[in-house]
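Undergrad: heads up, no residue letters with this:
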């Protein structure tokens, strides 16, 4: 570093900077992946070795969060997990805005054939999905994925649907003879009720759409009442959900299996669909609820609800105070002796890091897979618990987890998405 010369005024002296460590921008994002890798859903492919150290390259599971190299090369904006596959959108004005990796038996991540007529049923690394956008300036603002179908929400062109349509979950006419393997079909739902679609959600084999006025539409498998249309039939064309939410402005819907939760602008809860374990409690015991019902009395005294999640046999909510409540059946996070709760039970806040030294710690977001649960605090910490199928909890082992445990993600977690046996997290770098 140069020295100030004799007689040079102190105010005019500016030291020369020798080296500047790179610092990330606030808009930078990292994606971490973990769980079952054999399906290709993690997009991390390590070649199998032939030497003595073969086991080091025999990559079947990611027990800890791994940084996605795909997210290092592209500006990822949205992520979603399906059953054994993953989709991600990037910010670009080019044709390929959405990429997919993993199981592709029903063309849920597009048509990929190195040789024409020989479509791939599994992809080990992300590949671009062809979607016939009307304008290259269109941006993807939402994604979700079910068992074998994908929804792509755009800013100006509505929703594009891909994959299996056996129950009408792609929002188009059901063709019993349709061959989904190697299909190039994509369907565009421009609007619903002459309104712009603002968010999408996939259950197992059904789809949910929220419009700009807060109305909810549904299509797909309805055997458990998960479409909320007042019947138990399959629905090919999206129709407005019936019941108590028709006069409400809904801001979020959540579904992973066959139970659906909805949240209105006032922080009030509604539900419908499968209720075998009391997820949607009714005056008369019903295992299938085919239209939306207000759960205001059920959640009375819990405060304003800010986030919701629905798993395979359980539900979870977070309130404005950062408290988390669970009910239903499974490893709920209440310890090894509690596997069923017929009313919302609070998970002790201390398990999410709140204590006398950190009293401001609050859970802000929650998410569910089929058998595992996740929560994100205002500090960007991720906690997970539940069934640890193929290491989907990211805790370094395959043991089930009876209470929330912090996952070692080397970044500030902004969003987490869960599926059957893998998990993804969208993060902001620390530095």
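TA: Nice, thanks for sending it over. Being a predicted model, the structure only gives us computed values, none of them experimental.

Undergrad: Please name the nearest non-neighbouring residue to residue 113.
TA: In this structure, residue 113 finds its nearest non-sequential neighbour in residue 119, 4.5 Å apart by CB to CB, 6 or more residues apart in numbering. (Glycine included, C-beta is placed from N, CA and C.)

Undergrad: these two touch, right, the one you found and residue 181?
TA: Yes - taking CB atoms under 8 Å as the contact criterion, residue 119 and residue 181 are neighbours in contact, 6.5 Å apart.

Undergrad: Find the residues that touch each one of the two.
TA: Taking CB atoms under 8 Å, 6 or more residues apart in numbering as the criterion, residue 119 and residue 181 both touch residue 107.

Undergrad: Looking at those two, which has the bigger crowd around it?
TA: A count of neighbours by other CB atoms under 10 Å puts residue 119 above the other of residue 119 and residue 181, at 18 against 12.

Undergrad: quick revisit: ok, the residue nearest to residue 113 to residue 106 distance?
TA: Look at residue 119 and residue 106: by CB to CB, to the nearest Å, they are 11 Å apart.

Undergrad: Same check on residue 178?
TA: Residue 178 sits 10 Å away from residue 106, taking CB to CB as the criterion.

Undergrad: Settle it for me: which of these two has more neighbours?
TA: In this view residue 178 and residue 106 are compared by other CB under 10 Å, and residue 106 has more residues nearby, 23 against 13.

Undergrad: show me the contacts for the more buried one.
TA: With contacts defined as CB under 8 Å, 6+ apart, residue 106 is in contact with 148-149, 163-164, 180-181, 183.

Undergrad: Tell me which two in those residues are the farthest apart.
TA: For the contacts of residue 106, the maximum inter-member distance is 13.6 Å, found between 149 and 181 (CB to CB).

Undergrad: Give me the buried positions along stretch 333-348.
TA: By neighbour count, and taking 16 or more other CB atoms under 10 Å as the criterion, the buried residues in stretch 333-348 are 333-334, 339, 341, 344, 347.

Undergrad: and after the helix or strand of the chain with the lowest mean pLDDT, which helix or strand comes next?
TA: Taking mean pLDDT, DSSP states H and E as the measure, helix 54-57 is the helix or strand of the chain with the lowest mean score, a mean of 46. Stepping forward along the backbone from helix 54-57, the first helix or strand reached (DSSP states H and E) is strand 61-67.

Undergrad: mind listing the helices for this protein?
TA: Across the chain, reading from the start of the chain, the helices by DSSP state H fall at 54-57, 69-73.

Undergrad: Count the residues that sit near residue 153.
TA: Burial measure for residue 153: 22 neighbouring residues, criterion other CB under 10 Å.

Undergrad: Next: the one 3 residues further on.
TA: Per other CB under 10 Å, the neighbour tally for residue 156 reads 13.

Undergrad: tally of neighbours for the closest residue to it other than its chain neighbours?
TA: Closest residue in space to residue 156, ignoring its immediate chain neighbours: residue 138 at 5.6 Å, by CB to CB, 6+ apart. Neighbour count for residue 138, taken as other CB under 10 Å: 16.

Undergrad: pretty sure residue 138 is touching residue 157, no?
TA: Yes - with contact taken as CB under 8 Å, residue 138 and residue 157 are classed as touching, separated by 5.3 Å.

Undergrad: any low-confidence regions in this protein?
TA: The model of the chain has pLDDT under 70 over residues 1-23, 45-58.

Undergrad: mind checking how far residue 139 is from residue 209?
TA: Per CB to CB, residue 139 is found 18 Å from residue 209.

Undergrad: Those two: which has the busier surroundings?
TA: Neighbour totals were compared for residue 139 and residue 209, and residue 209 leads with 28 against 18 (other CB under 10 Å).

Undergrad: got a list of what the closest residue to that one other than its chain neighbours touches?
TA: Residue nearest to residue 209 in three dimensions, not counting chain neighbours: residue 217, with 4.5 Å by CB to CB, 6+ apart. When contacts are counted by CB under 8 Å, 6+ apart, residue 217 touches 192-193, 208-211, 238-241.

Undergrad: Enumerate the beta-bridge partners assigned to residue 264.
TA: Going by DSSP bridges, residue 264 is paired in beta bridges with residue 250.

Undergrad: I figured residue 371 hits residue 328, correct?
TA: No - counting by CB under 8 Å, residue 371 sits too far from residue 328 to count as a contact (11.4 Å).

Undergrad: Now do the shared contacts for those two.
TA: Here residue 371 and residue 328 have residue 311 as joint contacts, going by CB under 8 Å, 6+ apart.

Undergrad: check contacts around residue 417.
TA: Neighbour list for residue 417: 79-81, 367, 423-425 [criterion: CB under 8 Å, 6+ apart].

Undergrad: how near is residue 97 to residue 78?
TA: Applying CB to CB, one obtains 10 Å for the distance of residue 97 from residue 78.

Undergrad: Which residues are in contact with each of these two?
TA: In terms of CB under 8 Å, 6+ apart, residue 97 and residue 78 are both contacted by the residues 89, 140.

Undergrad: measure residue 44 to residue 298 for me?
TA: As it turns out, when the distance is counted by CB to CB, residue 44 lies 42 Å from residue 298.

Undergrad: Let me see the contact set for the nearest residue to residue 245 once chain neighbours are set aside.
TA: If you skip the residues right next to it in sequence, residue 245 has residue 292 as its closest partner in space, 4.3 Å away by CB to CB, 6+ apart. The neighbourhood of residue 292, defined by CB under 8 Å, 6+ apart, consists of 216, 228, 241-246, 262, 270-272.

Undergrad: One more: residue 403?
TA: Residue 403 makes contact with 333-335, 347, 351, 385 under the criterion CB under 8 Å, 6+ apart.

Undergrad: same deal with residue 171?
TA: When contacts are counted by CB under 8 Å, 6+ apart, residue 171 is found next to 159, 161, 187, 189, 207, 219, 236-238.

Undergrad: before we move on, what about residue 125?
TA: Contacts here follow CB under 8 Å, 6+ apart; on that basis residue 125 touches 40, 43-45, 70, 101.

Undergrad: circling back: between residue 371 and residue 328, which has more neighbouring residues?
TA: Comparing residue 371 with residue 328 by other CB under 10 Å, the one with more neighbours is residue 328, at 25 against 22.
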